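J.: Predicted model follows, preceded by the sequence.
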Amino acid sequence: MKQFTTEQENFWAGKFGNQYIERNKDLTNNIPLFARILSRTAEVSSVLEFGANIGLNLEAIKLLIPTIELSAIEINETAVNSLKESTNIRIYHQSILNFIPDYPRSLVLTKGVLIHLSPEYLEKVYELLYLSSNKYICIAEYYSPSPVTVEYRGHQNKLFKRDFAGEILDKYQDLKLIDYGFVYHRDPNFPQDDLNWFLLQKN
Ligand SMILES: C[S@@+](CC[C@H](N)C(=O)[O-])C[C@H]1O[C@@H](n2cnc3c(N)ncnc32)[C@H](O)[C@@H]1O
């Protein structure tokens, strides 16, 4: 297997990343989440997801906006092979850390991905998110007011919580917060994994 720069990239490109795919195949709860987020947007015609896995978020967005153009950055080869089975997803099979923005999309999305990147590269990834969007950035991650590292399924140094959206807002003065929300894992209808989402707009 190809070796990447950080231990976190190798973790997701390898066996743990493959096992994640087996545990996470349900798309349905993403539909109400993105219906809520997209209801606060206008004229979204393209989306680029950083760390798309097998495309469960992109598929949900496609159901809500059938004409949307979909793109995915994904490091795990098994996930990429699954993405290739969906027609019309532009796939960047590589690490986010090496991504070179080509053209801007209406919406750039991360969901459960910034939490798994080496924190020393976050400033760079914020820049990539910003440069890849010409309208909206959606950050759906685990929030903590100050940065913390927590054990992740028995693994050390693989899960980092912080105020990702707040840090991006501080870095780019032309971004404004449009909306934000929380989805509880005990939600009786459409749970998510205690996700905090933030929708930012470029002025
Ligand atoms: C917890 S999963 C979330 C998947 C998807 N965003 C979702 O909400 O279902 C993290 C995803 O990010 C990918 N990933 C992690 N680090 C990455 C990196 N440096 N570059 C590209 N993809 C990465 C993993 O392979 C995995 O598919």
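T.: Here it is on my side, so go on.
J.: Okay, buried residues for stretch 39-59 please.
T.: 41, 44, 46-59 (16 or more other Cβ atoms under 10 Å). Every C-beta, even on glycine, is put in place using the N, C-alpha and C of the backbone.
J.: oh, I was asking about stretch 103-110
T.: Buried positions in stretch 103-110, judged by neighbour count with 16+ other Cβ under 10 Å: 105-110.
J.: repeat for stretch 195-203
T.: Buried residues in stretch 195-203 (16+ other Cβ under 10 Å): 195-201.
J.: Pick out whichever of those residues sits closest to residue 66.
T.: residue 199 (21.0 Å; Cβ to Cβ).
J.: who touches the residue in the chain that the ligand sits nearest to in this structure?
T.: Taking Cβ to the nearest ligand atom, the ligand has its nearest neighbour within the chain at residue 51, 2.7 Å off. Residue 51 sits next to 12, 73-75, 96, 110-113, 116 when contact means Cβ atoms under 8 Å, 6 or more residues apart in numbering.
J.: Keep only those of the buried residues of stretch 39-59 that are in strands.
T.: Of the buried residues of stretch 39-59, the ones assigned to strands by DSSP state E are 46-50.
J.: export those to a markdown table and tack on distance to residue 120 and pLDDT?
T.: Listed next are these as a markdown table, based on distance: Cβ to Cβ, whole Å; pLDDT from 0 to 100:
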| residue | distance to residue 120 | pLDDT |
| --- | --- | --- |
| 46 | 30 | 98 |
| 47 | 27 | 98 |
| 48 | 23 | 98 |
| 49 | 23 | 98 |
| 50 | 17 | 99 |
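J.: Quick check: the farthest pair among those residues?
T.: 46 and 50 (14.1 Å).
J.: What separation do you get for the most centrally placed residue in the chain and residue 188?
T.: By Cα atoms, centre = their mean, the mean C-alpha position of the chain lies nearest to residue 110, the distance being 1.8 Å. Distance, residue 110 to residue 188, using Cβ to Cβ, to the nearest Å: 27 Å.
J.: about what we covered before: which residues are in contact with the residue nearest to the centre of the chain?
T.: 49-51, 129, 138-141, 164.
J.: For beta bridges, what are the partners of it?
T.: For residue 110, the beta-bridge partners are residue 50, residue 139 (DSSP bridges).
J.: which residue packs closest to residue 150, ignoring adjacent ones?
T.: Closest residue to residue 150 apart from its sequence neighbours, by Cβ to Cβ, 6 or more residues apart in numbering: residue 159 at 5.2 Å.
J.: mind putting the buried residues of stretch 195-203 in a markdown table, pLDDT, secondary structure and distance to the ligand included?
T.: Below are the buried residues of stretch 195-203 laid out as a markdown table (pLDDT from 0 to 100; DSSP: H, G, I helix; E, B strand; the rest coil; distance: Cβ to the nearest ligand atom, whole Å):
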| residue | pLDDT | secondary structure | distance to the ligand |
| --- | --- | --- | --- |
| 195 | 98 | strand | 9 |
| 196 | 98 | strand | 13 |
| 197 | 98 | strand | 11 |
| 198 | 99 | strand | 15 |
| 199 | 99 | strand | 16 |
| 200 | 99 | strand | 17 |
| 201 | 98 | strand | 21 |
